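Asks: Requesting a structural model of the entry that follows:
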Amino acid sequence: QQLHTRPAQAPELVAIFVNVLTPWLVFSGIFAAMSCSVHYKMAGVAWAIVGVGIILAGVAGFLANRTRLRERDPMWYIFAALALLIATVAAAVLGDMNFSYNMQTFYDIENLNSYPALYCVAPIVYGQEQLASYDFWAVGVNCCSGATSDFRYGVYDNPHARSGLRLLRDDQRSVFRLAVQQAEAAYNMKAAHPLFFYRMQDPVAEIMQCKNDGFRYYPRGLFTHFVFNRLCVACAVFGFSKLSNDL
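Replies: Numbers count the residues shown, from 1 in each chain. Below you'll find the model as predicted:
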């Protein structure tokens, strides 16, 4: 009589491949949407894409429950649900951070829609001539004491810094307008239509640096998540194999 022995059950290669690749693709798509112009121009669409990732995790969870009710092994579905949820949340958080710290500044300046958060002001003048209206103002962060005329922002002592970049955040304009009004009262000057700038030697380089930082941050995030997800899959393969051998 010929005996046939059934080989020990092992995780399917398809399940391993899907769980390595799918969460990373979800992470890549959401990270890109939350970092780039989609978030800037259509924030609702970017967050809708995040919602799609959550739905995918929910679908995997539903399949896990259905598989369990059919008395089959749901472990890879459970892993997929957790991996997709982690990928979605991580991509949303990191993408939003990348957008806020890097890409938003680039898009703001490119579209002239927002203004950096700065607090000190100083009139931009040429020579000692008294002007009828001081409409151009340099601004800076924590660069003055408030008690004396000691504006010291950035490249204030750089003789080659003859350029400026206009401030681009509407929510801070009232703060700078108030600072200008205080200067008008303190120094008996007039500023009919103040415009705010921060002084620098090469504003174009500063703008492009924001863009470059954002693009550099994105591939780092992709690589980190890919390594993390592969490690999780490897741990799952080991754990599931051990459970199968124990059963």
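
Asks: any idea how far Ala64 lies from Phe17?
Replies: Per C-beta to C-beta, to the nearest Å, Ala64 is found 18 Å from Phe17. The way it works is simple: take the backbone N, C-alpha and C, and place the C-beta from them, glycine included.

Asks: out of those two, which sits in the busier spot?
Replies: It is Ala64, of Ala64 and Phe17, that has more neighbours when counted by other C-beta atoms under 10 Å, with 20 against 11.

Asks: Let's verify the most centrally placed residue in the chain: helix, strand, or coil?
Replies: Nearest to the mean C-alpha position of the chain, by C-alpha atoms, centre = their mean, lies Asn98 at 2.0 Å. Here Asn98 takes the helix state, with states given by DSSP: H, G, I helix; E, B strand; the rest coil.

Asks: Off-centre distance for the strand or helix carrying Asn229?
Replies: Taking DSSP states H and E as the criterion, Asn229 maps to helix 203-246. Centroid displacement of helix 203-246 relative to its chain, using C-alpha atoms, centre = their mean, to the nearest Å, is 15 Å.

Asks: can you give me the strands in the protein?
Replies: 120-123, 136-140, 163-166, 195-200 (DSSP state E).

Asks: Tell me where the chain has helices.
Replies: Remark: helices assigned in the chain by DSSP state H are 13-35, 37-41, 43-69, 75-98, 104-111, 173-187, 203-246.

Asks: Do me a favour and average the pLDDT over the helix holding Asn229.
Replies: Averaging pLDDT along helix 203-246 yields 81.

Asks: okay but Asn65 is in contact with Pro74, surely?
Replies: Yes - Asn65 is within contact range of Pro74, at 7.3 Å (criterion: C-beta atoms under 8 Å).

Asks: Compare the two and say which one has the larger neighbour count.
Replies: The neighbour count for Asn65 versus Pro74, taken as other C-beta under 10 Å, is higher for Pro74 (20 against 14).

Asks: worst average pLDDT in the strands of the chain?
Replies: Note on these: strand 163-166 shows the lowest mean pLDDT, a mean of 64.

Asks: in the protein, which helix or strand is least confident?
Replies: Every helix and strand of the chain was ranked by mean pLDDT, DSSP states H and E. The lowest is strand 163-166, at a mean of 64.
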